[in-house]
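>>> coordinates only, sequence not included:
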């Protein structure tokens, strides 16, 4: 039986690019590196951030902006580690936008900050379309989600500087082909780096930390 | 360190309720049961639908509406089984809306259909807010996503008639507490049914099929 394909165009973008540029200027003025982290719900963004908090101690002054529709579960976890944490509750909105980040930046002591990690709302779609002013786009895709996701959510994968394939500790229990996945990603995004990691066991995270350290060095060097 | 919480209200709802009501009337006129299936990316909606196609043979004339941002991977799979399949490509939109479903219904032979399964775009947020005209809301949450998801995506969980906890075949490898999960769901949604299943192995699916059979019986009985 043949498949009928209906194509329906819908404009879901706000003109928030100006505000994103202004956010970028604010953090640049303080030589802060700002990283936007996106993924589906439950891919492990918070676990990655908790690992990164441990790594950053003594290396960089970190602050975290947490985006969620409801609850402050994630910001509470971060805050328990003594790290400045801003929780944004979007009350139904499926992504952070530049205006929300502006308000969060206004609440942080930027003079005392080297690195801001933004944990976006769990969503592979709209989060890819709303610029926040971050210097780097990092996404997580966890093994249980499947290796076909780049075909279904191409914008998210094509716009990422780094794609962390998380939960590699459970690779034996899923049909996830890392070489198929890397090939698909590289077709969409030749410059995108793929790091297979487990935020739970720590496996593979040294690549992520090296990349982050290099990006921080470049930032503080004014590049 | 204390957490600052910023609350930002944003209206992301279109007034598509009228169109949803008209969709409902169309399917009611043909005594069709229409079910809207939502989940995160990679939770197993398509696998559930493939299992349901097998179950439905000889019991109900099934049609499937597939929503994706891009690609027709899922509709192709359905169509290979000889089942009428409409692929909606939303071109960036993060959810199906009632207007898209209207166009899909116009493309189906409703006189030859008893059951329509809608596979919504992989998204736990906006898909909960846009009524399509379906009689039943079914969501999947897979074990690897974690048992804390009802707190983070309350609207999705509170509006579901059935919540399928998929991928129970990998329960031993994840910290997912089914009783914690069920308790949280029942706080948000006392009438919601929770069925632990594996769409891969078939475990637990008999509950889902019984529920579907009963809903179909009620529909054809005119209730």
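Cool, got the structure. These numbers were taken from a predicted model, which means no experiment stands behind them.
>>> what helix or strand is the residue nearest the centre of chain A on?
When C-alpha atoms, centre = their mean is applied to chain A, the residue found nearest the centroid is residue A:37 (0.8 Å). In this structure, residue A:37 is located in strand A:33-38 according to DSSP states H and E.
>>> quick one: what helix or strand has residue A:82 in it?
Going by DSSP H and E, residue A:82 is not in any helix or strand.
>>> which positions within stretch A:195-203 qualify as buried?
Of all the residues in stretch A:195-203, those buried under the rule 16 or more other C-beta atoms under 10 Å in any protein chain shown are A:195, A:196, A:197, A:198, A:199, A:200. For glycine as for every other residue, the C-beta is placed from the backbone atoms N, C-alpha and C.
>>> among the residues you listed, which one lies nearest to chain B?
Looking at the buried residues of stretch A:195-203 and their distance to chain B, the nearest is residue A:200, at 9.0 Å (C-beta to the nearest C-beta).
>>> quick check: phi and psi at the closest one.
With angles defined as degrees, to the nearest 10, residue A:200 shows backbone torsions of phi -80, psi -50.
>>> before we move on, back to that, so the strand holding residue A:37, near chain B or not?
No. Strand A:33-38 stays out of contact with chain B when judged by C-beta under 8 Å from any C-beta of the partner chain, the minimum separation being 11.9 Å.
>>> what's in contact with that strand?
Defining contact as C-beta atoms under 8 Å, 6 or more residues apart in numbering or on different chains, one finds that strand A:33-38 is touched by A:23-24, A:27, A:45, A:48-49, A:114-120, A:123-124, A:127-128, A:132-140, A:156, A:160, A:212, A:215-216, A:219.
>>> partners of it in the sheet?
Using DSSP bridges, strand A:33-38 pairs in its sheet with strand A:115-119 (parallel), strand A:136-142 (parallel).
>>> which residues touch the helix ranked longest in chain A?
Looking across chain A with DSSP state H, the single longest helix is helix A:205-220. Residues outside helix A:205-220 that contact it (C-beta under 8 Å, 6+ apart): A:31-33, A:35, A:48, A:51-52, A:55, A:59-60, A:114-115, A:135-136, A:162, A:164, A:193, A:195, A:197-199.
>>> pLDDT of stretch A:150-164, averaged?
Over the span of stretch A:150-164, the pLDDT mean works out to 94.
>>> quick check: end-to-end length of it?
Terminal residues of stretch A:150-164 are spaced 13 Å apart (C-alpha to C-alpha, to the nearest Å).
>>> can you list contacts of it?
Applying C-beta under 8 Å, 6+ apart, the external contacts of stretch A:150-164 come out as A:38, A:48, A:124-125, A:127-129, A:136-141, A:149, A:181, A:184-185, A:188-189, A:191-197, A:208, A:211, B:41, B:68-71, B:73, B:92, B:122.
>>> buried among the residues you listed? Make that a ChimeraX selection.
With 16+ other C-beta under 10 Å as the criterion, this ChimeraX line picks the buried residues out of the contacts of stretch A:150-164:
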select /A:38,48,124,125,127,128,129,136,137,138,139,140,141,149,181,184,185,188,189,192,194,195,196,197,208,211 /B:41,68,69,71,92,122
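>>> restricted to helices, list the contacts of stretch A:150-164.
A:48, A:149, A:181, A:184, A:185, A:188, A:208, A:211, B:73.
>>> turn those residues into CSV, columns for distance to residue B:175.
Formatted as CSV, these follow (distance: C-beta to C-beta, whole Å):
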residue, distance to residue B:175
A:48, 16
A:149, 23
A:181, 25
A:184, 30
A:185, 28
A:188, 32
A:208, 22
A:211, 28
B:73, 31
